[in-house]
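Asks: coordinates for the following, if possible.
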Amino acid sequence: ISATLVEKGGEFYHGYTYSGHPVACAVALKNLEIIEREGLVDRVRNDTGPYFAKALQERIASHDLVGEVRSIGLMGAIEIVKDKATKERFLPSGSAAVVVRDHAIAQGMMMRATGDTMILSPPLIWTRDTIDMACDRIAKALDLAQADLRKH
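Replies: Prediction:
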């Protein structure tokens with residue numbers, strides 16, 4: 001193998017400076033220790049995750065641009081539609097989600113547009129107050145996006 005690599009020459013990409021690096025591994029182990037010590041997984045499972053799901057259903061799902069919301073733990077998805085009743089999408093696909101994303105970011109809410117769906121993947125440290133603040137910002141972004149989308 002080594003003779004072939006020497007004969008052929010060129011770059012040999014075989015790893016990165018952070019892959020398996022002892023410092024990165026130590027940080028990862030410390031992170032796991034903190035997650036366990038603070039009971040973050042249990043808190044998400046028993047408190048903030050269910051609260052997040054309920055908040056999305058009660059505060060976001062009824063918006064005219066939203067076809068569906070779904071979540072598990074603190075991972076959430078908000079589908080953006082042109083027509084709530086028929087679930088018709090905006091064309092081209094993903095165009096409306098980008099408008100929502102840009103308004104969300106302007107409101108201080110980081111969300112990712114993936115196709116016609118807004119993705120939320122917050123840290124495990126979110127609290128009920130953080131979830132409430134996020135829903136306020138998402139609702140505002142949806143309202144602003146809807147006003148922009150009606151112009152076209």
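Asks: residue nearest the centroid of the protein?
Replies: Geometric centre of the chain, nearest residue: Leu120, 2.5 Å, by Cα atoms, centre = their mean.
Asks: beta-bridge partners for it, please?
Replies: Partner residues in beta bridges with Leu120: Gly76, with DSSP bridges as the criterion.
Asks: isn't it right next to Ala104, touching?
Replies: No - using Cβ atoms under 8 Å, Leu120 makes no contact with Ala104, being 9.5 Å away. For every residue, glycine as well, the C-beta is placed using N, CA and C.
Asks: quick one: common contacting residues for those two?
Replies: By the contact definition Cβ atoms under 8 Å, 6 or more residues apart in numbering, Leu120 and Ala104 are jointly contacted by Met111.
Asks: pLDDT wise, what is the residue nearest to the centre of the chain at?
Replies: Confidence per residue is given as pLDDT, and for Leu120 that number is 96.
Asks: where exactly do the strands run in the protein?
Replies: Here the chain has its strands, by DSSP state E, at 66-72, 75-80, 112-114, 117-120.
Asks: can you say which of those strands is nearest to Glu38?
Replies: For those, the distance to Glu38 is smallest for strand 75-80, at 19.2 Å, taking Cβ to Cβ.
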